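Asks: For reference, the sequence and a predicted model appear below.
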Amino acid sequence: MTAFYDFFRKITLAPDGVTLEADSTTDTLTINGSNGVQFNPNAATDSFAINVDYQLFVPVGTTEIRLNDVNSNHSGVSINPGNNISITRNASNQLVITSTVGGTSKSIGNISQASIAVITTTNAHGFTEGIAVTITDVSGMTEVNGNEYFMDILTSTTFALYTDSNLSIPLNSTGFTTYSTGGVATAEYAAPQALNQLNDVSLADLPVAGDFLQYNGTSWGAGTTINATLTGDVTGSIFADNSTLLVDGVNGSIPWAVLNGTPTTLAGYAISDAATSAQGATADSALQSLAFSGLTTTPTTLVGYGITDAGTFAQGALADTALQSLAFSGLTTTPTTLAGYGITDSPALYGAESTGGVDPIASGTLSLAIGSSASATGTWATAVGKGASASATYSAAFGNGAKATASFGIALGASVAAGVRSFAAVIDDVSGTYGAKGLGSIAMGKQATATGDNAVAIGFNATAAANQIVLGNNTQTIKAGAFTLFGSTMDTDDSSSITVTPAMVLESNLTVQNDLIAGHNLVVDDVVLTTNGALYNNTIKIDGAIEVLGGGGAVNEIGQGYYSIFKKGIIADGDVYFNRSLHTKAHAKKLITYNDPTGVIALNFYQADTFYLYRPATDCITNIVAPNGAGNWEDFNQFVVTINIFQGSTAALPAFTIDGVAPTIQWQYGAVPTPSPNDWNVIQYQMLRLNAAWYVTAQLGIYN
């Protein structure tokens, strides 16, 4: 069978009258769409639609009216503003043409999203309070484009926007789109509103009452002083810079005190009725005054002045009612002894001795001697007692036979001797063998001797060499209640022990010398605790803490004293810290517990390294704190932290930070685990501190 096809031959386009005709049975009719035409074919109905659509719009950031066709082809007309005209596009896709006579435009750098929108310009705007401003060309917060607001000036580069000229209704921009870039603020000055809006006026401060406009050669500004020659009439008073009245405009006068170049003679003032010195008192009604120094001759005696009631030196006290006085220093001669002044009740510088005694001798300057045969021969020396002798400067001897033979020495008691700057008391030594003989020494007690400088000997037969303090002797027992030893070394001269009852307080170092047993610093033998609660013999009880410092030897050398050795072991009833980080307690690790933790919780590494979190919230952050304080981690060390978690109905994987900083964590199998509700999870973090950087690995165990 043969198929027949019926093809069209002609298509006539109306109303143009154009005919499209096929020239053969196999001819193809091609219809092309040009600009502004779009074909929408429909194969099901063997038809197609021809769409022709145009749209007018204003592109963002432009002032062009553009025509778009259905194929996005466009053409447009750009509208450019002339002088004092601004063209903006508002949020409704409208062009707004505004007159900006006297207007000033500034570029916008930012617009805040706040209850009061604040615009920040890229440089100083110079705008005025309350002036209208139009916002254009803003990207992002396009809601403000083309709108007019009023300005509340905040700083030289910021101002707040209000919708009314009274600045009572602020523009709330919290619901606007976030500002992106660009924008222009144009202040709409219809005409200058203030002097400082003029280009040639510069007012740094607002003018106050009394200011006037003054030109300084460059610009006009507020003037307060006049530095120029004034011509014409002046009304009012005139004052100098120091407020001195120069011209009294109220009374119409000039004060005399401000005049310069006044006359020096009566004739210069045109005075004709004043008497001169030559005219004397004969001048009619004239008064004159003349200073005493102006007299040509003056009397030289009392009589010459007509004075009758003053006494003279010759008259003495006989002058009637006359009084005279003369200073002691004015006397030509003065007595040199007490008797010369008639003084009879002054004490003598020495005391009297009973019948048969020998008078004391006080021959030193300002010295004092009291007692039979007492002798004070040194300057400022004092000797009190029979045979007491103070022969040195500033020395003092008190007692029978006491001798202070060196300067600043003090001897107190019978047969006592004192050396330079020393003190000796109750020596009772006629031979002079005992006493305080060294510089700055002290000897107290029978036969006590301080032989060296700064020596102190106290007690019977006590002997102290230089820089020693000796209490008693080795045959006596010295007892003390609370004994305080300041910065000294306590030792015995033999191998005997030192017993302190009941207590000794050391406020500095206690040095135990190794002069008794070679190779030992501190030997404790047979120390028994007799107080309540004593557990063991041969034990030292320390009520407090003890710090053991390593020696100065090289690292890892036991022989150099680097390590402390406990050969029998250590028993700890309480907590034990290793490297200030690992915390154990009574054969088990201490577990720090947090119930329902939220937010940041500090896991103190100096307390423990194992923690328990019961039902943590999803915002929980576990922050590891260094054992020595934030940031004080020892380099080239590994730290291990275990966190046990009992999940609640909402599972959480708490964030992990070290001293508040989140490190990079390498999880086991390369994936962050996902915990499940009501599970038991165990997380272990291994933290390597290398070259001040953290390398953290972690793994999570899930248990039902």
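Replies: Done, it's in.

Asks: three-state assignment of the closest residue to Glu143 other than its chain neighbours?
Replies: Excluding the flanking residues, the one nearest Glu143 by CB to CB, 6 or more residues apart in numbering is Phe176, at 4.6 Å. Just so you know, the C-beta spots here come from the backbone N, C-alpha and C atoms, and that holds for glycine as well. Following DSSP: H, G, I helix; E, B strand; the rest coil, we place Phe176 in the coil state.

Asks: same thing with Gly268?
Replies: Applying three-state DSSP: Gly268 is helix.

Asks: what's the burial count for it?
Replies: 9 (other CB atoms under 10 Å).

Asks: What count of nearby residues applies to Met141?
Replies: 22.

Asks: for Tyr594, same thing?
Replies: Tyr594: 17 neighbours (other CB under 10 Å).

Asks: cool, and Leu259?
Replies: So Leu259, with other CB under 10 Å, has 8 neighbours.

Asks: Please determine how far it is located from Leu266.
Replies: Distance, Leu259 to Leu266, using CB to CB, to the nearest Å: 17 Å.

Asks: returning to what we had before: state the distance from the residue nearest to Glu143 to Asp679.
Replies: 47 Å.

Asks: Of those two, which one has the most company?
Replies: For Phe176 versus Asp679, neighbours defined as other CB under 10 Å are more numerous around Phe176 (19 against 14).

Asks: if I look at the more buried one, how far off is Asp152?
Replies: 18 Å.

Asks: Would you mind extracting the C-alpha trace of stretch 634-644 into PDB?
Replies: What follows is stretch 634-644, C-alpha atoms only, in PDB (Å, rounded to 0.1, in the frame of the first residue of the first chain):
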ATOM      1  CA  GLU A 634      54.700  21.000  81.000                       C
ATOM      2  CA  ASP A 635      56.000  20.400  77.500                       C
ATOM      3  CA  PHE A 636      56.900  17.000  76.200                       C
ATOM      4  CA  ASN A 637      54.300  15.200  78.400                       C
ATOM      5  CA  GLN A 638      51.300  13.000  77.900                       C
ATOM      6  CA  PHE A 639      48.100  13.600  79.900                       C
ATOM      7  CA  VAL A 640      45.200  11.200  79.900                       C
ATOM      8  CA  VAL A 641      41.700  12.200  80.900                       C
ATOM      9  CA  THR A 642      38.800   9.700  81.300                       C
ATOM     10  CA  ILE A 643      35.200  11.000  81.300                       C
ATOM     11  CA  ASN A 644      32.400   8.600  82.300                       C
END
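
Asks: List the buried residues for it?
Replies: Residues of stretch 634-644 classed as buried by neighbour count (16 or more other CB atoms under 10 Å): 639, 641, 643-644.

Asks: Helices - which of the residues you listed land there?
Replies: When DSSP state H defines the helices, the subset of the buried residues of stretch 634-644 inside them is empty.

Asks: Ala617: which of the residues you listed is nearest?
Replies: Ranked by distance to Ala617 (CB to CB), those are led by Ile643 at 14.7 Å.

Asks: neighbours of the spatially closest residue to that closest one that is not a sequence neighbour, just the number please.
Replies: Of all residues not flanking Ile643 in the chain, Ile683 sits nearest, at 4.6 Å (CB to CB, 6+ apart). Neighbours of Ile683 under the rule other CB under 10 Å: 22.

Asks: Please identify the pairing partners of the helix or strand hosting Ile683 and their relative orientation?
Replies: Element membership of Ile683, judged by DSSP states H and E, is strand 680-690. According to DSSP bridges, strand 680-690 has the following sheet partners: strand 637-646 (antiparallel), strand 693-703 (antiparallel).

Asks: on that earlier part again, okay, and the beta partners of the residue nearest to Ile643?
Replies: Applying DSSP bridges, one finds that Ile683 bridges with Ile643, Leu700.

Asks: Enumerate every residue touching it.
Replies: Going by CB atoms under 8 Å, 6 or more residues apart in numbering, Ile683 touches 642-643, 645, 698-701.

Asks: With Gln94 instead?
Replies: Per CB under 8 Å, 6+ apart, neighbours of Gln94: 58, 146.

Asks: Please apply the same query to Ala187.
Replies: Ala187 touches 103-106, 125, 127-128, 131-133, 151, counting by CB under 8 Å, 6+ apart.

Asks: and which of those is nearest to Phe408?
Replies: Distance to Phe408 across the contacts of Ala187 (CB to CB) is lowest for His125, with 85.0 Å.

Asks: Check the closest residue to Asn42 other than its chain neighbours and give its pLDDT.
Replies: Leaving aside its chain neighbours, Asn42 sits nearest to Phe48 (6.4 Å; criterion: CB to CB, 6+ apart). pLDDT for Phe48: 72.

Asks: Tally up the residues packed near Phe48, please.
Replies: Phe48: 13 neighbours (other CB under 10 Å).

Asks: Report the beta-bridge partners for it.
Replies: Assessed by DSSP bridges, Phe48 has beta-bridge partners Pro41.

Asks: Surely it is in contact with Val37?
Replies: No: between Phe48 and Val37 there is no contact under CB atoms under 8 Å: 11.4 Å.

Asks: if we can go back for a sec, any idea how far the residue nearest to Asn42 lies from Thr30?
Replies: Distance of Phe48 to Thr30, given as CB to CB: 13 Å.

Asks: related to what we said a few turns ago, may I see the strands paired with strand 680-690 arranged in TSV, with distance to Ala411 as well?
Replies: TSV is the format used below for the strands paired with strand 680-690 (distance: least, CB to CB, whole Å):
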stretch	distance to Ala411
strand 637-646	70
strand 693-703	77
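
Asks: Take those strands and lay them out in a markdown table including mean pLDDT and distance to Arg66.
Replies: Shown next, in a markdown table, are the strands paired with strand 680-690 (pLDDT from 0 to 100; distance: least, CB to CB, whole Å):
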| stretch | mean pLDDT | distance to Arg66 |
| --- | --- | --- |
| strand 637-646 | 92 | 62 |
| strand 693-703 | 93 | 58 |
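
Asks: between the ones you listed, which gets nearest to Thr451?
Replies: Of all those, strand 637-646 comes closest under CB to CB, at 60.0 Å.

Asks: which residues sit against the closest one?
Replies: So strand 637-646 is contacted by 579, 581, 591, 603, 605, 609-616, 622, 624, 633, 652, 654, 675, 680-689 (CB under 8 Å, 6+ apart).

Asks: Can you select the buried ones among these for me in ChimeraX?
Replies: The ChimeraX selection below is limited to those of the contacts of strand 637-646 classed as buried (16+ other CB under 10 Å):
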select :581,603,605,609,610,611,613,615,616,622,624,633,652,654,675,681,683,684,685,687,689
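
Asks: Let me see the domain layout of the protein.
Replies: 10-51, 99-193, 368-471, 582-703 (automatic domain parsing).

Asks: Those domains: which one's closest to Gly304?
Replies: Per CB to CB, nearest to Gly304 of those: domain 368-471, 59.5 Å.

Asks: And the residue nearest to Ile643, what's its pLDDT?
Replies: The model's pLDDT for Ile683 equals 95.

Asks: Tell me how far it lies from Gln699.
Replies: For Ile683, the distance to Gln699 equals 7 Å [CB to CB].

Asks: Same check on Gln214?
Replies: 83 Å.
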